[in-house]
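Chemist: Here is the input, now give the coordinates:
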Amino acid sequence: MSRQLLTEDVPAGRRPRTGLATIAVTLGLYGVLGYALSGQPPGQLPPAVAKMVATFPSIIAAVNSMALVCLLAGWRAARVGRIDTHRKYMLASAALISIFLALYVTRVALTGTKAFPGPPAVRIYIYLPALSIHVLLSILSVPMVVYNLITGLTRSIRDIGTTRHPQIGRYAVALWSTSLVLGIVVYLLLNIVY
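Modeler: Modelled structure (predicted):
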């Protein structure tokens, strides 16, 4: 899609009500994720599927790392006034997080969650706090990310400054990047360190 198609010539009367759209999309995402993650994994997977799904944690960590790099590069681009670059990086971050969600939901639906294999003290004082904060921040960042995506895709660049996009974006980047870092820490603790 061209930039003009996304933002420049959207008549004011045709723009979505950003707040209502944010609520609807956020609740839809939470509903789909809740439904997808609430089932029981199948007892036995075909060997080829089990082998493929076993690679997902490493792929997920790589996708999250790329999303973090794009997110921080996009934040930096906005700070120095490179709005087109900012938009590209943020759209890349959103695409990468969508890939992460698809892989994560597929993995959990097919294999369930993995128990922490390390020492109890590490589990209690490092792993569980990192996992809990990661999950909480990812849940809290969803509506902010959705709002900023909708705003960025439906408003002209000159109009975005009149919205809450810049203020909400600062919080979204802080929460989302912290969540991504902690997600990578959780991956390392579950799959590399122990």
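
Chemist: got any ranges where this protein has weak pLDDT?
Modeler: Applying pLDDT under 70 to the chain flags residues 1-16.

Chemist: Longest helix in it, by number of residues?
Modeler: helix 83-111 (DSSP state H).

Chemist: Just the buried positions in it, please.
Modeler: Neighbour-count burial for helix 83-111 flags 86-94, 96-97, 99-101, 103-104, 107-109, 111 (criterion: 16 or more other C-beta atoms under 10 Å). The way it works is simple: take the backbone N, C-alpha and C, and place the C-beta from them, glycine included.

Chemist: Okay, helices next: where are they in this structure?
Modeler: Counting by DSSP H, the helices of the chain are 3, 18-37, 47-54, 56-79, 83-111, 120-122, 128-154, 157-160, 165-188.

Chemist: Check which helices and strands the longest helix of the chain is in contact with.
Modeler: helix 18-37, helix 47-54, helix 56-79, helix 128-154 (3 or more C-beta pairs under 8 Å, 6 or more residues apart in numbering; DSSP states H and E).

Chemist: From the chain's centroid, how far away is that helix?
Modeler: 6 Å (C-alpha atoms, centre = their mean, to the nearest Å).

Chemist: now the angle from it to helix 18-37?
Modeler: 30 degrees (axes from the mean of the first three to the mean of the last three C-alpha atoms, to 10 degrees).

Chemist: Now the residue nearest to the spatial centre of the chain: closest residue in space, sequence neighbours ignored.
Modeler: Nearest to the geometric centre of the chain sits residue 97, at 4.0 Å (C-alpha atoms, centre = their mean). Distances taken as C-beta to C-beta, 6 or more residues apart in numbering place residue 67 nearest to residue 97, at 5.4 Å, with adjacent residues excluded.

Chemist: Distance of residue 41 relative to residue 73?
Modeler: From residue 41 across to residue 73, the span is 36 Å (C-beta to C-beta, to the nearest Å).

Chemist: In terms of neighbours, single out the busier of these two.
Modeler: Comparing residue 41 with residue 73 by other C-beta atoms under 10 Å, the one with more neighbours is residue 73, at 18 against 14.

Chemist: before we move on, back to that, could you work out which of the helices of the chain reaches nearest to residue 194?
Modeler: helix 120-122 (7.5 Å; C-beta to C-beta).

Chemist: Please name every helix or strand in contact with that closest one.
Modeler: With contacts defined as 3+ C-beta pairs under 8 Å, 6+ apart, helix 120-122 has no helix or strand neighbours.

Chemist: contact partners of it?
Modeler: Contacts to helix 120-122, defined as C-beta atoms under 8 Å, 6 or more residues apart in numbering, come from residues 116, 189, 194.
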